[in-house]
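>>> Sharing a model that was predicted from the sequence below.
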Amino acid sequence: MKKKINIMLNIVIPTAVAYIVFFLLYYLFEKTFFEYRWLGIIPFLIVTGFVILDNRKEWKMLKQQG
């Protein structure tokens, strides 16, 4: 049970928050730079990189505990 709670708190919630931030940034880019909408990929890459690095750390820690 504790492992499931750790997964939710340390992986699922930060991932959801990161993608919510991405969509807000993408919306801002889309409205501000209409001709350059492809610049919206920049926040996506930043958020995806953060999520991958953070989740990798969490999985290593969970493997060591379990």
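Everything's here; your move. Numbering: from 1, shown residues only.

>>> so how far is the helix or strand harbouring residue 45 off the chain centroid?
Element membership for residue 45 (DSSP states H and E) is helix 41-65. Counting by Cα atoms, centre = their mean, to the nearest Å, helix 41-65 is centred 7 Å from the centre of its parent chain.

>>> Name the residues of that helix that are buried.
43, 47, 51, 58 (16 or more other Cβ atoms under 10 Å). (Glycine included, C-beta is placed from N, CA and C.)

>>> what's the angle from the helix or strand residue 16 falls within to helix 41-65?
Assessed by DSSP H and E, residue 16 sits inside helix 13-32. Per axes from the mean of the first three to the mean of the last three Cα atoms, to 10 degrees, the angle that helix 13-32 makes with helix 41-65 is 180 degrees.

>>> how far does helix 13-32 sit from the chain's center?
Centre to centre, stretch against its chain (Cα atoms, centre = their mean), the figure for helix 13-32 is 9 Å.

>>> Same question for stretch 16-34.
13 Å.
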